[in-house]
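Visitor: Mind looking at a prediction? Sequence and model below.
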Amino acid sequence: MKSLKENFQEANIFIIGSGIIGKFNALELSELGFQVTIIDPTQLQNSSNAALGLLMGNMYQKRRGRSWDLRKQSIELWPQWITFLQKFNNELNIEKPLIQLTTNEEKFKKLEKFVYENNDPTLQILERDSILIKNINKAFQTKNIQGMISFKDGRINALSLLQTLDKYLKHKKVNYLKGEIIKIRKSNNQWICTTRNNENIKSDIVILCNSLKAVDLMDQIPHNIKLKPVLGQAIEVGINDSKVDLLVLPKQFNINGKNIIPISKNKLIIGSTDEYSTKPEENIFEKITNFLDKKPTWLIEGQVTKKWFGVRSRPDGEPSPIMKNLGDGLIICTGFYKNGILLAPTCSKWVANEIKNYFS
Ligand SMILES: Cc1cc2nc3c(=O)[nH]c(=O)nc-3n(C[C@H](O)[C@H](O)[C@H](O)COP(=O)(O)OP(=O)(O)OC[C@H]3O[C@@H](n4cnc5c(N)ncnc54)[C@H](O)[C@@H]3O)c2cc1C
């Protein structure tokens, strides 16, 4: 009888979709010794490339249930993966802390209750008279912003992360194919995935990481998975006010649900929207900058210097994300409508366990 290790080395795993979820699964599985192939027709135009990279784990206010468990595991796994990936890019890092702010008194009271009840030294309330809050209020020309700081949460540069994963996958000689899968079927104990060019790719395991399109490949497989598109837009805004220096603000923060990342003295990124469509809404500046009752003058006069979007998939009728073993060597990881970057290591760990069990 072959050992588990021999089984791994001989097993072929085929990953459909090379966003963060596909790439992270490829990373974890090739580290385990599997032969991994990954396919995607347009790997640069997915939602992962649009992500702001905020890792909002520890500041999540519900401390039980699946969502919290997934986050908790991710917070533990990320530092280990960062150390590992730094061998391929020593600048890759999680920029901490992360700050969550609100102008709503009731929401602030909830944050206060959460912080006091959790008694976690990495979470702290930012009082109105703290220097940080004073700077933020001054920059946003208001008096009403307050919130909390999480020293365990932060931001990873999503583009740099994806490029680092590419470097790793190349180094590991992971087979990277450009193409679109249009059909999958099982025949003689093997999966056969057919590309649009009518090529057949055989494998022992198939992992569907192709977001919204995953269900299109499941017409011959019984399931009740429903997904809907949720488009997210982000903008880079340039400001023209010499009295304002955006670099005095924290490196990443969130005000009333909008994420803000100052990138220079006079430029910042703001994101993102939730649009239930596949076409981006026009004139997004108004909507995305509408996170305060009264905008600061520099923001009213700001100019959009860049904008981009990504279409995510949201499960319909069940919670996000969908990570299911459909049996017979078919696994689906989709519906990462939010937090796909944060949750990628937890997803890949779960997939690895399912596959180990399949071969044992
Ligand atoms: C503006 C914006 C900001 C965001 N900010 C954050 C953030 O701060 N933090 C965070 O954690 N998350 C954030 N997200 C969410 C995050 O981007 C997603 O959760 C994550 O990217 C989902 O990854 P994925 O791999 O499932 O999907 P995708 O990145 O969309 O990848 C799916 C891939 O499958 C491929 N594919 C589709 N069909 C096929 C087929 N038939 N054959 C082969 N390949 C196929 C596609 O080409 C695509 O490359 C943000 C998203 C947006 C849009």
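Guide: That came through, no problem. Numbering: from 1, shown residues only.
Visitor: give the contact list for residue 345.
Guide: Applying Cβ atoms under 8 Å, 6 or more residues apart in numbering to residue 345 gives the contacts 24, 28, 73, 74, 77, 78, 81. C-beta: built from backbone N, CA, C; applies to glycine.
Visitor: quick one, phi psi at the last one?
Guide: Here the main-chain torsion angles of residue 81 (degrees, to the nearest 10) amount to phi -70, psi -40.
Visitor: so what's the residue of the stretch 201-350 of the chain found nearest the ligand up against?
Guide: Closest to the ligand within the stretch 201-350 of the chain is residue 340: 2.1 Å, counting by Cβ to the nearest ligand atom. Residues in contact with residue 340 (Cβ under 8 Å, 6+ apart) are 19, 20, 21, 47, 48, 51, 312, 321.
Visitor: So of those residues, which two are at opposite extremes in space?
Guide: Spatially, the most separated pair among the contacts of residue 340 is 51 and 321, at 14.2 Å (Cβ to Cβ).
Visitor: and residue 283, how far is that from residue 290?
Guide: To residue 290, residue 283 is 12 Å away according to Cβ to Cβ, to the nearest Å.
Visitor: The two: which has the busier surroundings?
Guide: Neighbour comparison, residue 283 and residue 290: the larger count goes to residue 290, with 11 against 8 (by other Cβ atoms under 10 Å).
Visitor: and the more buried one, which of the three is it?
Guide: Secondary structure, DSSP: H, G, I helix; E, B strand; the rest coil: residue 290 is coil.
Visitor: for residue 233, same thing?
Guide: Assignment for residue 233 (three-state DSSP): strand.
Visitor: Quick check: it touching residue 273?
Guide: Yes - using Cβ atoms under 8 Å, residue 233 makes contact with residue 273 at a distance of 4.8 Å.
Visitor: joint contacts of these two?
Guide: 281, 284, 288.
Visitor: which one of those residues is nearest residue 112?
Guide: Of all these, residue 112 sits closest to residue 288, with 27.8 Å by Cβ to Cβ.
Visitor: Just to check, the closest one is in contact with residue 258?
Guide: Yes - counting by Cβ under 8 Å, residue 288 does reach residue 258; the two are 6.7 Å apart.
Visitor: just to revisit the earlier point, just put the contacts of residue 340 in a markdown table and tack on secondary structure.
Guide: Converted to a markdown table, these look like this (three-state DSSP):
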| residue | secondary structure |
| --- | --- |
| 19 | coil |
| 20 | helix |
| 21 | helix |
| 47 | helix |
| 48 | helix |
| 51 | coil |
| 312 | strand |
| 321 | coil |
